[in-house]
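J.: Got a sequence here, can you model it:
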Amino acid sequence: MPSAAKYFDRGDPFDTLSGFAFAIDAKQWSFAYDCLTRESKGLITFTKFKFAMRFNVEVPELKVSIRSLILDAQRIRGLKRQGTTRAEIEVIYRLPNGNIFRPVIYFELEDPADAKAAGREDSLWLINLDKTIRDLGGADFSELMAR
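T.: Residues are numbered from 1 along each chain as shown. Next up, the predicted model:
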């Protein structure tokens with residue numbers, strides 16, 4: 001299996017989302033975890049994140065696993081920018097009951113100082129998993145993982 005880092009530079013939100021989904025599917029947990037904002041990582045350790053993805057932790061309000069939402073949702077290339085450092089992408093997911101669900105995935109541009117500290121000239125687009133999960137069902141990500 002090729003490395004996600006080789007093909008997904010996370011230079012825009014759609015590339016980040018596609019790379020994240022690829023990494024989850026390929027069990028490249030480190031790359032997937034590195035697609036999250038610093039704030040999201042502060043709410044969930046790498047071990048808990050890996051557990052949630054491997055063992056299909058559900059978003060209770062939807063009765064759908066986080067992994068399924070990530071892998072089975074249709075990603076749409078259009079995105080809404082919120083200034084220069086925030087964006088969102090709507091995805092389309094068919095729920096088990098047949099209804100169409102259109103969740104929004106939220107992104108933030110990495111702080112330039114963090115990019116520089118990592119030896120990169122350009123900042124990466126990262127997924128704000130906590131805001132995304134809260135938007136899905138009201139619980140924040142740390143509460144979801146405690147269930």
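
J.: for this structure, longest strand please?
T.: In the chain, taking DSSP state E as the definition, the longest strand is strand 86-94.

J.: buried stuff in that one?
T.: Neighbour counts over strand 86-94 (16 or more other CB atoms under 10 Å) mark 86-89, 91, 93 as buried. Any C-beta I mention is one placed from the backbone N, CA and C, and that applies to glycine too.

J.: Would you report the backbone torsion angles of the residue positioned nearest the centre of the chain?
T.: When CA atoms, centre = their mean is applied to the chain, the residue found nearest the centroid is I127 (4.6 Å). Here is the backbone geometry of I127 (degrees, to the nearest 10): phi -90, psi 130.

J.: got the CA coordinates for the longest helix belonging to the chain in CSV?
T.: With secondary structure taken from DSSP state H, the chain has its longest helix at helix 13-25. Output of helix 13-25 as CSV, limited to C-alpha atoms (Å, rounded to 0.1, in the frame of the first residue of the first chain):
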residue,chain,number,x,y,z
PRO,A,13,-9.1,21.1,2.4
PHE,A,14,-10.3,18.6,-0.2
ASP,A,15,-6.8,17.1,-0.4
THR,A,16,-6.7,16.8,3.4
LEU,A,17,-10.1,15.2,3.5
SER,A,18,-9.2,12.7,0.8
GLY,A,19,-5.8,11.9,2.4
PHE,A,20,-7.5,11.4,5.7
ALA,A,21,-10.0,9.0,4.3
PHE,A,22,-7.3,7.1,2.4
ALA,A,23,-5.2,6.9,5.5
ILE,A,24,-8.1,5.6,7.6
ASP,A,25,-8.9,3.0,5.0
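
J.: Which strands or helices does it pack on?
T.: Packing partners of helix 13-25 (3 or more CB pairs under 8 Å, 6 or more residues apart in numbering; DSSP states H and E): helix 4-7, helix 29-34, helix 66-72, strand 74-75, strand 86-94, strand 104-109, strand 125-127.

J.: Okay, now the sheet partners of the fifth one, with direction.
T.: Using DSSP bridges, the neighbouring strands of strand 86-94 in the sheet come out as strand 74-75 (antiparallel), strand 80-82 (antiparallel), strand 100-101 (antiparallel), strand 104-109 (antiparallel).
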